[in-house]
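Chemist: Quick one: sequence and predicted model below, then my questions.
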Amino acid sequence: MIKFTPFESHVVPMPMDNIDTDQIIPARFLKTISKDGLGDQLFCDWRYDAAGTPKPDFILNQDWAKQCQVLVAGDNFGCGSSREHAPWALTQYGFRAVVSTSFADIFKSNALKNSLVPVVVDSATHQKLMALPRDAKVALDLAAQTLTLPDGTTVEFPVDAFSKYLLLEGVDELGYILQQDEAIKAYEAGRASTLNTLAA
Amino acid sequence: MPKTIIEKLWDAHVVSEKEGAPALIYIDLHLVHEVTSPQAFAGLRARGLKVRRPDLTFATTDHSTPTTPKNLPIIDPIAAAQVKQMETNAAEFGIPLYGFHSDKQGIVHVIGPENGLTQPGMTVVCGDSHTATHGAFGALAFGIGTSEVEMVLATQCLPQRKSKTFEVRVDGTLRPGVAAKDIILALCAKVGIGGGTGSVFEYRGSAISALSMEERMTVCNMSIEAGARAGLVAPDDATFEYLAGRKYSPQGADWDAAVARWKTLPTDDGATYDQSVTIDASTLEPMITFGTNPGMGMAISGAVPDPANVADPIERESLRKALQYMALTPGKPLAGQAIDVVFVGSCTNSRISDLRAAASVLKGRKVNSKVRMMVVPGSQPIKRQAEAEGLDRIFRDAGAEWREAGCSMCIAMNGDQLTPGQYSVSTSNRNFEGRQGKGGRTFLASPQTAAASAIMGQVTDVRTLLG
């Protein structure tokens, strides 16, 4: 994993509550057995018309939005399916953070495993971000857990301390669990299985 | 100190707890399907890792599999490759698989309970947000992402933070024509699609105790639709009766010991929850959704809400956009809305009791000539049982399609899908934009309401058809 570093970016506003993972990446693209190639399908059914042509009025199709690394969306972002294809598609498009007033649990967990930072802000800050002009930039510093707005206001956001450590240090979470083999063995030794299983 | 079942389950599965890190939780059962696992197995291969506990891991193919007759090949080459990859991965890593041609194949959340794999007191995970279904047995069951699938395959453990406890108390007796599905749709409407975020639901109260195991699965299944990653019901005699004699249930002395242990799981008297909500089952009507998330639901006698009455600007815009997508008029009732398709199936409502409920309404009647009705059983054993009971004849005689088992039109990955603009009454769990096919419009309801709507060719209050 690459270490997560501070950055500045313009923001893409999507003023909708409850944007679900079926919108972020429709299920028909989940037949892939790879993680790659999902960025072009991000928000596919909002982004392209029936012929597959980009809709010019959809925000991600506008030139200025293409370099943006921060998406600002409405409440409960990422609800619905557990598909990790959602953060894969978002990061492959180029996003490194999503800002909202809240996130669905599974999406938040998946995002943090893919260097996509879910930033929760209060509704006053959220409204300010939604109203930012296109040329405005925000600065995100994960180590400080701060988002700095163009007017100079800095807001702190919560991040799970362990996830933050993994992201900043580029530490692999599975590697961390594998190091606890002794504890896992000890637990297994005291565990009574009730499965009448014939599995090898 | 008195504890809830949620806390008891948590405490029993902590492998280690370190300062500054989440607890490491042991997973008793890991269910795997073809869509969310290939990248996880690829990860294991890249690291040279094995599956730590293939004996606690179980796989099926359900999402991208066609529901056409089994002698036909999988036409979609991408889906065929994904199904093949699941077979390869199961063989290579030694995981039991009820694959495409198995006579036990079915939806992952149907076959777990059906085979006695899902048991009280377990932690159950699957790369699928409807894993909460297994909570019906008093298990802590939740959906995970593919990175977590890889972690569980490799270590049988997951780093987790403790969730909040959320009591969903449902008392009273359901009236005729009102189903378990209506309880959960009512909860989604009451707390909203994000209402349970950060929490585990415990469903309890007299209306929950009165539900069969299959009905409890319907309720727990849609916990995620109210924001909760998991939802459960404490085990009781109905749970033990359901599990006795199933293939992977404990046998003999092991069974007696297991039941004794399972009886200690229910929430202690005096235990408290972080949050509570109550629902009076005796006042519930059949429910129907009108919008583009499962929280946008109402009693079938209600009217579509008007965005003009919503104060918050983002909420107002979300409702306006939802009604625009659904092409519905604010203030109008939904009953009487013409429909094109009826789908009976999915991990929410594809079990034998669901098929019986739909058949009981359809018996001696015909599906409206303007409507395509698909009935998709949850598993091959359910399909055979329905055929033994003659339910397939009732569906076929009425003009409905009787299909092979799978997720089918709930997620529309396998070719079973709505066409743009079509309206469907569906017994599945999600009405998101395009969920059942690009441009398709979904009304979520119970099997009874779906069958009644199929007959009338429009959204219908099933109570108008009851004798």
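Modeler: Yep, that arrived. Numbers count the residues shown, from 1 in each chain, chains lettered A, B, ... in the order given.

Chemist: All the helices of the stretch 251-400 of chain B, residue numbers only.
Modeler: Per DSSP state H, counting those that start in this stretch, the stretch 251-400 of chain B carries helices over the ranges B:252-262, B:313-326, B:352-362, B:380-388, B:391-398.

Chemist: so which of those helices is the most packed in?
Modeler: helix B:352-362 (a mean of 23; mean count of other C-beta atoms under 10 Å in any protein chain shown). To be clear about C-beta, it is placed using only N, CA and C from the backbone, and glycine gets the same treatment.

Chemist: hey, where'd the strands end up in the stretch 301-450 of chain B?
Modeler: B:341-344, B:372-375, B:401-402, B:423-426, B:441-444 (DSSP state E, counting those that start in this stretch).

Chemist: hang on, isn't residue B:271 packed against residue B:2?
Modeler: Yes. Counting by C-beta atoms under 8 Å, residue B:271 does reach residue B:2; the two are 4.1 Å apart.

Chemist: So residue B:24: helix, strand or coil?
Modeler: strand (DSSP: H, G, I helix; E, B strand; the rest coil).

Chemist: what's near enough to touch it?
Modeler: A:177, A:180, A:183-184, B:14-17, B:157-160 (C-beta atoms under 8 Å, 6 or more residues apart in numbering or on different chains).

Chemist: ok, back up a step: of residue B:271 and residue B:2, which one has the most company?
Modeler: residue B:271 (18 against 10; other C-beta atoms under 10 Å in any protein chain shown).

Chemist: Identify the residues contacting that one.
Modeler: By C-beta under 8 Å, 6+ apart, the neighbours of residue B:271 are B:2-4, B:7.

Chemist: and which of these is nearest residue B:174?
Modeler: Set against residue B:174, the nearest of the contacts of residue B:271 by C-beta to C-beta is residue B:4 (25.1 Å).

Chemist: where exactly do the helices run in the stretch 101-250 of chain B?
Modeler: B:108-114, B:146-155, B:180-191, B:206-209, B:213-221, B:237-243.

Chemist: of all those, which lies closest to chain A?
Modeler: helix B:146-155 (4.2 Å; C-beta to the nearest C-beta).

Chemist: Pull the CA coordinates from the closest one and hand them back as CSV.
Modeler: Taking Å, rounded to 0.1, in the frame of the first residue of the first chain, the C-alpha atoms of helix B:146-155 are listed here in CSV:
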residue,chain,number,x,y,z
THR,B,146,-13.7,-8.2,-0.8
SER,B,147,-10.6,-7.1,1.2
GLU,B,148,-12.3,-8.6,4.3
VAL,B,149,-13.2,-11.7,2.4
GLU,B,150,-9.5,-12.2,1.7
MET,B,151,-8.7,-11.6,5.4
VAL,B,152,-11.3,-14.1,6.6
LEU,B,153,-10.1,-16.7,4.0
ALA,B,154,-6.5,-16.3,5.2
THR,B,155,-7.0,-15.9,8.9
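
Chemist: And stretch B:427-436, end to end?
Modeler: Counting by C-alpha to C-alpha, to the nearest Å, you get 12 Å between the two ends of stretch B:427-436.

Chemist: do the same with stretch B:103-122
Modeler: 26 Å.

Chemist: before we move on, what about stretch B:275-284?
Modeler: 22 Å.

Chemist: Identify the residues contacting it?
Modeler: Outside stretch B:275-284, the residues touching it (C-beta under 8 Å, 6+ apart) are B:164-175, B:178, B:182-183, B:186-187, B:190-191, B:199, B:205-207, B:299.

Chemist: Contact partners for residue A:96?
Modeler: A:4, A:7, A:9, A:69-70, A:115-117, A:140.

Chemist: Please repeat the previous calculation with a cut-off of 6 Å.
Modeler: Applying C-beta atoms under 6 Å, 6 or more residues apart in numbering or on different chains to residue A:96 gives the contacts residue A:69.

Chemist: Over to the one 10 residues further on?
Modeler: For residue A:106, the contact set (C-beta under 6 Å, 6+ apart) comprises A:82, B:143.

Chemist: Next, the angle from the helix or strand harbouring it to helix B:146-155.
Modeler: Using DSSP states H and E, residue A:106 sits in helix A:105-112. Put simply, helix A:105-112 runs at 80 degrees to helix B:146-155, going by axes from the mean of the first three to the mean of the last three C-alpha atoms, to 10 degrees.
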